[in-house]
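Engineer: predicted model and sequence below, questions to follow.
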Amino acid sequence: MPANLSPEYKAAEAAFRKTRDPRERLEWLREMLRTIPKHKGTEHLQADIKARIKELAEELEGGARKGGSHGGPALVIRPEGAAQLALIGPPNVGKSSLHARLTGSGAHVGPYPFTTQYPQAGMMPHEDVHFQLIDLPPIAPEHPVPWLVGTLQTADAALLVVDLGEPSCLEQLQAVQSVLETQRVTLTEHWEATGETRAGTPKDDEDPFALRLPTVMLANKVEGIAGLDAELQALRELTGLRLPVFAVSATTGHGLGEIGPWLFRKLGIVRVYTKAPGHAADKHRPFTLRRGQTVGDVARLVHQDLARSLRYARIWGRSGFEGQQVGNEHCVEDGDIVELHA
């Protein structure tokens, strides 16, 4: 990281890291370029920011232009639900089948590699919330996807799918890691479970475009595999990966019911229900936050104007006694009911 970066640039970079909305990320990239000190020590970073601006702007417009025309499938998916999860992996491991099974989507599934060409979004239910599951093209050196890393930037975590019965499984995993490393993406077993910073964001002294993506491995197609635990242990030892692993089957549904509860815990999801004074709480559509977030964050989710005018809140649930009056810095807990007073 170059020295002598201005406070304005650092503030823009921090805002870029924090936001998950693609259009907001583009605006903060432009602000980073505007405020970065222009000297020889920042030339490389300036070029990197310009490249990111160009790539993200094109992805938001619908991808690469062909024949001078615009449009096409979206390459950056705006996050929705409790968290955005990226399905990644080598070719023909059953990512699309898992996506279809977990989300109930009608995504096209084919028994051949590279069926998925563009991001496919679907919602995976868990109790009264949904996780946004993005099926992505396979990762392989022979089939580069230039926009893939840009799409990963908005994800909270990755689900790395492998075919445990594939003889070249180990080589495929190594190829996935190699491709991602060249794009400054690291798959990590470390999961952030607080709302202070978005999972995967680098520390202040790190490359602002490096991405550390919390990852769980889904060993798919396990039906009929003898000695499953031993196979999984061997895979861990041979790859050196310390990722948590679920043995699953898109065909039979084996293990799929464990994924949602595990993600809910590891991501520190907190559900908050709101109520108007004198009325019952709306228990059908909770607002979702992360552990460590506050009443003020709830107000911002409801409406930005409400966040600015909030005077106090009353809360029912585990974070306070029934009807307790609290300020906007009060941390909420899963299941809290919040009554906001502007």
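Structural biologist: Yep, that arrived.
Engineer: what about the strands in the protein?
Structural biologist: For the chain, applying DSSP state E gives strands covering 84-88, 120-126, 129-135, 157-163, 185-188, 211-220, 245-247, 269-274, 287-290, 312-317, 320-326, 336-341.
Engineer: so where's this protein uncertain?
Structural biologist: 1-3, 62-72, 106-116, 192-206 (pLDDT under 70).
Engineer: can I see the domain layout of it?
Structural biologist: Following automatic domain parsing, one finds the domains of the chain at 7-60, 84-266, 269-341.
Engineer: circling back to that earlier point, save the strands of the chain as TSV, and put in distance to residue 254 and mean neighbour count too.
Structural biologist: For the C-beta atoms, the positions are set from N, CA and C on the backbone; glycine is no exception. Below are the strands of the chain laid out as TSV (distance: least, C-beta to C-beta, whole Å; neighbours: other C-beta atoms under 10 Å):
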stretch	distance to residue 254	mean neighbour count
strand 84-88	17	24
strand 120-126	16	19
strand 129-135	18	23
strand 157-163	14	24
strand 185-188	24	19
strand 211-220	10	23
strand 245-247	7	19
strand 269-274	24	22
strand 287-290	28	22
strand 312-317	36	20
strand 320-326	42	13
strand 336-341	35	20
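Engineer: who does the nearest residue to residue 244 once chain neighbours are set aside bridge with?
Structural biologist: In space, and not counting its chain neighbours, residue 244 is closest to residue 216: 4.9 Å by C-beta to C-beta, 6 or more residues apart in numbering. Beta-bridge pairing of residue 216, defined through DSSP bridges, involves residue 159.
Engineer: follow-up on the earlier one: residue 104: which of the strands of the chain is closest?
Structural biologist: strand 120-126 (7.4 Å; C-beta to C-beta).
Engineer: nearest to residue 78, out of the domains of the chain?
Structural biologist: domain 7-60 (6.0 Å).
Engineer: on that earlier part again, and the strands of the chain: which comes nearest residue 73?
Structural biologist: Closest among these, once you apply C-beta to C-beta, is strand 120-126, at 8.9 Å.
Engineer: ok now the closest one, how far from the chain's centre?
Structural biologist: 13 Å (C-alpha atoms, centre = their mean, to the nearest Å).
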